[in-house]
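J.: just a sequence and a predicted model for now, questions to come.
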Amino acid sequence: MKNILIFPFLSISTGHHHVADALQAELESQGLASEKIDIFSHAYRRLEKLSSEAYLKWIQYFPKTYNGIYRLLACGRYQNDKRYPMYEWLFTQQMRHILKEKQPDIAFCTHALPSYLLNRLKPEYPNMTVVNVYTDFFVNQLWGRENINFHFSPIVDIKKQLMSEGIDPKNIYMTGIPVHRMFEAGSADTCQHHPPYTIIITGGSMGVGGILKWVQDLSPEGNILYKILCGQNEKLYCYVKSLRHPFIEAIPYLHSKAEMNRLYEQASGIMTKPGGVTISECLQKRLPVFIYHALPGQEEMNLNLLKERKLVTDMRNWGMQKAEERMAAFFQSNKQMKEYEKHVNGYLAEISDRKIEDVLKRMI
């Protein structure tokens with residue numbers, strides 16, 4: 001039996017953890033056990049909670065500062081010899097301890113930091129297979145490259161980037177961002193295309209971002225039923241409930257992916273931030289995506305590529321007064337719907353050559 005580890009980062013419920021959960025579900029379907037390990041929690045349990053809270057506050061209240069530092073440290077052309085001494089000092093010995101204790105045959109990284117560490121340590125563990133599982137439509141400099149065995153690419157643009165950086169194309173699998181097997185692919189005619197159109201509004205599971213402002217500006221005229229996915233944002237949930245509006249519905253944090261899948265099936269479209277996992281779930285369901293806000297860093301980088309590929313609609317400059325009218329016009333336009341379907345089908349065709357379960361079988 002293979003010993004399999006999955007490395008996300010931090011304990012907050014981010015895309016890194018959702019992708020790790022999706023991998024675990026796929027492995028379990030093949031009768032294989034795996035273990036998720038967050039090296040930060042493993043090494044500095046008390047400090048990790050404080051750091052997670054500080055991170056959320058930083059991107060929420062000082063987005064420009066975060067974006068500037070992220071671009072300085074993580075963006076730009078990849079350099080094989082670039083080092084991150086602070087990360088190495090904090091985590092290298094802890095990672096060595098984990099590898100000695102667990103002795104993994106395969107390590108999946110759903111975050112750049114463990115990928116960087118394992119890329120540095122790989123020569124010490126030549127029999128260990130290391131896999132980068134990218135969780136955004138953008139790959140920053142921190143992700144390991146040269147000593148990584150396989151790469152799960154989210155989109156063909158990333159495959160081309162990795163190849164330009166010297167990665168052998170035989171080691172790159174076009175899997176897309178892995179989403180939980182519960183979110184089985186939808187078809188274009190499963191969405192509701194008659195008024196009132198059901199639109200999900202979500203700001204991520206932590207409820208961070210500009211979602212409250214958008215909800216406060218909602219003025220439904222009856223063409224759209226808004227379902228606000230509040231996540232763990234209790235303030236938002238209470239506010240939406242207090243509105244008692246027939247076309248605005250508050251939905252608390254959904255622990256069940258089956259519940260989330262049913263919500264997708266009932267929807268005509270979604271208003272969201274450009275997080276890699278949420279976007280990938282919507283693309284699998286062929287659910288039109290409207291972007292109302294983007295957090296600094298990864299989400300802004302995601303949005304640039306997604307807009308270029310015409311996989312999402314940027315509505316940040318619409319204003320809520322016009323948003324309902326423009327969304328309703330989108331659903332009523334056969335031309336716009338067919339154009340959207342063409343781009344989504346093109347993307348899904350890119351990642352359909354190797355299903356994630358087939359890749360895992362071949363690898364393991």
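T.: Everything's here; your move. Residues are numbered from 1 along each chain as shown.
J.: just the strands in the stretch 1-150 of the chain please.
T.: With strands called from DSSP state E, counting those that start in this stretch, the stretch 1-150 of the chain shows them at 4-7, 35-36, 106-109, 129-133, 150-153.
J.: pretty sure Asn302 sits against Val139.
T.: No - using C-beta atoms under 8 Å, Asn302 is not in contact with Val139; the gap is 11.2 Å. Quick note: C-beta positions are derived from backbone N, CA and C, even for glycine.
J.: quick check: domain ranges of the chain?
T.: 4-178+352-363, 188-332 (automatic domain parsing).
J.: can you give the distance of the last one from its chain's centre?
T.: Meaning domain 188-332. In terms of C-alpha atoms, centre = their mean, to the nearest Å, the centre of domain 188-332 is set 15 Å apart from its chain centre.
J.: before we move on, the earlier item: closest one to Asn345 among the domains of the chain?
T.: Closest to Asn345 of the domains of the chain, according to C-beta to C-beta: domain 188-332, at 8.1 Å.
J.: show me what the mean pLDDT comes to for that closest one.
T.: Averaging pLDDT along domain 188-332 gives 86.
J.: same check on stretch 122-141?
T.: Computed over stretch 122-141, the average pLDDT equals 94.
J.: from Pro296, how far off is Ser242?
T.: Ser242 is 30 Å from Pro296, where distance means C-beta to C-beta, to the nearest Å.
J.: same question for Ala267.
T.: Separation of Ala267 from Pro296 (C-beta to C-beta): 27 Å.
J.: again, but for Glu35
T.: Separation of Glu35 from Pro296 (C-beta to C-beta): 32 Å.
J.: one more: Ile39?
T.: Counting by C-beta to C-beta, the separation of Ile39 from Pro296 is 24 Å.
J.: of the two, which one has the most company?
T.: Ile39 (22 against 19; other C-beta atoms under 10 Å).
J.: show me what contacts the more buried one?
T.: Residues in contact with Ile39 (C-beta atoms under 8 Å, 6 or more residues apart in numbering) are 7, 9, 91, 94-95, 98, 113-114, 117.
J.: same thing but 10 Å
T.: Ile39 makes contact with 7-10, 48, 90-91, 94-95, 97-98, 111, 113-114, 117 under the criterion C-beta atoms under 10 Å, 6 or more residues apart in numbering.
J.: next one: Ile211
T.: With contact set as C-beta under 10 Å, 6+ apart, Ile211 has these partners: 201-204, 228-231, 233, 236, 271-273, 292-293.
J.: which element is the closest residue in space to Phe183 that isn't next to it in sequence on?
T.: Residue nearest to Phe183 in three dimensions, not counting chain neighbours: Glu281, with 5.0 Å by C-beta to C-beta, 6 or more residues apart in numbering. Per DSSP states H and E: Glu281 is located in helix 276-284.
J.: great, nothing more from me.
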